[in-house]
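Chemist: Whatever this is, show me its structure:
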Amino acid sequence: MVSSHRAKGLKLLFLTPQLPYPPEQGAAIRNYNLILEAAKRHEVDLLSFAPVGADTRPMEAVCRAVRAVPAPSRSRRERLMALLTSSLPDMAWRLRSEAFARALEEMLAEGAYDLVQVEGIEMAPYGLMALAHRKGSRPKMIYDAHNAEYLLQRRAFETDLRHPKRWPSALYSLIQWRRLARFERCVCRLADAVVAVSEADAAALRAWCREVPLVVPNGVDVARYHPGLGDTLPLEHPAIVFTGKMDFRPNVDAILWFYDSVWPLVRREAPGAVFYVVGSSPHRALDRLRADPSVRVTGYVADILPYFGGADVYVVPMRIGGGTRLKVLEAMAAGLPLVSTRLGAEGIRLLEGEHALLADDPKAFAEAILCLLRDRARAAALGRAARAFVMAHYAWEHLTPAFEALYERLM
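Modeler: Okay, here's the model as predicted:
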């Protein structure tokens, strides 16, 4: 459907793995805000995957044109065959769709785009398709790398290798790490520009790019996440909160490590503490946590803000992953006292001890939580400093002008 937006600026086509609205999780939040800002100055079209009957009207209010294609489904057998017979990583197969490819060809033939912006590795095969487009002028391609994916899989391999029961997962990650490195190298070399979300990711991709990747971190809606959110549920206190999509492997690993290694140390000193695991699609590996009366595994919640409003301490016990974690920025914007691993806070230029407490081993992580539960004045000061830091550096309006400068340079 086409809206009544008047022609202006460049003609941009965004390719996203899911409709960016509602902006409720990492990729959608980034994509929505980038599109929202770009549409203020340019004609923006969107081609995305979405369920049949999905409401595209919120994006039609922003974009000139929106097309949505149902996401493909893959059987376990198809995934296994790709693993055994293809040299491509699983993420390059995950969203393979003839319907999406046809829609892309039609939009490229009709649109005469200046730029195609590819949001994430799953959409990269379609970015390469746009580069090979032969009808009319070829658009330039920006690859927005939400993660250095090979780095994420390498870290998963290194983590799983330390646990014999997880060696099958380690083998899978080893295969994907090698395949992703080849595939990401190809994408970065062919793209006209590469954007990374952190300096660490940029360093991991730099050798493969035509030029040094532009770093545009993830941002946060500082009006939505703010101090003073109400404890409206209310939560049981003291409340330790984690939020995230709970079938995402790095999140599952984080929760299991925290529950098995950190939580018993916290409960020994704070027996009334309750751990809230908030997020959709909890993995079956988390089922055993449900039997613990000190843990609440919520599943999907319609509104996440009450959990930020009720948190006494917010935790990010990540051990694998990459990029810049929106959950860290959301907690800081809400003025919450934060305890994270160093990897969890990677890509965010916070000062340890001033904006958050960082710890990588179970004892230090537990002691940091207990310190903030005992010293509420310090917890409040940490939250105030975190909020001020995010306001100055990670509000979306401070980040999106970098894309505007990139558009101008490429043209």
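
Chemist: Please count neighbours and contacts with C-alpha atoms only from this point.
Modeler: OK.

Chemist: need the next SSE after the lowest-mean-pLDDT helix or strand in the chain, C-terminal direction.
Modeler: One helix or strand of the chain scores below all others by mean pLDDT, DSSP states H and E: helix 76-85, with a mean of 87. Moving toward the C-terminus from helix 76-85, the next helix or strand (DSSP states H and E) is helix 90-93.

Chemist: Give me the contact list for whichever helix or strand comes after that following helix.
Modeler: Later in the chain than helix 90-93, the nearest helix or strand by DSSP H and E is helix 98-111. With C-alpha atoms under 8 Å, 6 or more residues apart in numbering as the contact definition, helix 98-111 has outside contacts at Lys11, Leu47, Phe49, Arg67, Val69, Tyr126, Ala130, His133, Lys135, Gly136.

Chemist: same check, this time on stretch 196-210
Modeler: Contacts for stretch 196-210 (C-alpha under 8 Å, 6+ apart): 144-148, 151, 185-186, 188-189, 191-195, 212-218, 322-324, 346-348.

Chemist: List buried residues within those residues.
Modeler: If you count burial by 16 or more other C-alpha atoms under 10 Å, the buried members of these come out as 144-148, 151, 185, 188-189, 191-195, 212-218, 322-324, 346-348.

Chemist: Over to Val277. Which of the three states is it?
Modeler: strand (DSSP: H, G, I helix; E, B strand; the rest coil).

Chemist: Figure out how far the biggest helix by length in the chain is from the centre of its chain.
Modeler: Looking across the chain with DSSP state H, the single longest helix is helix 167-190. Averaging C-alpha positions (C-alpha atoms, centre = their mean, to the nearest Å) puts helix 167-190 19 Å from its chain's average.

Chemist: again with stretch 82-91
Modeler: Remark: stretch 82-91 is offset 23 Å from the chain centroid, using C-alpha atoms, centre = their mean.

Chemist: Same question for stretch 222-230.
Modeler: Using C-alpha atoms, centre = their mean, the offset of stretch 222-230 from its chain centre is 20 Å.

Chemist: hmm, who's touching the least confident helix or strand of the chain?
Modeler: Residues outside helix 76-85 that contact it (C-alpha under 8 Å, 6+ apart): Pro89, Asp90, Trp93.

Chemist: how about the strands in this protein?
Modeler: For the chain, the strands defined by DSSP state E cover 11-16, 43-49, 65-69, 115-119, 140-145, 193-196, 214-215, 239-243, 274-278, 295-299, 313-316, 338-340, 357-358.

Chemist: who wins for neighbours among the contacts of helix 76-85?
Modeler: Pro89 (22 neighbours; other C-alpha atoms under 10 Å).

Chemist: confidence score at it?
Modeler: Pro89 carries a pLDDT score of 95 in this model.

Chemist: what residues are up against it?
Modeler: By C-alpha under 8 Å, 6+ apart, the neighbours of Pro89 are Leu83, Gln176, Arg179, Leu180, Phe183.

Chemist: didn't the last one look like it was pressed against Leu88?
Modeler: Yes. The pair Phe183 and Leu88 passes the contact test of C-alpha atoms under 8 Å, sitting 6.8 Å apart.
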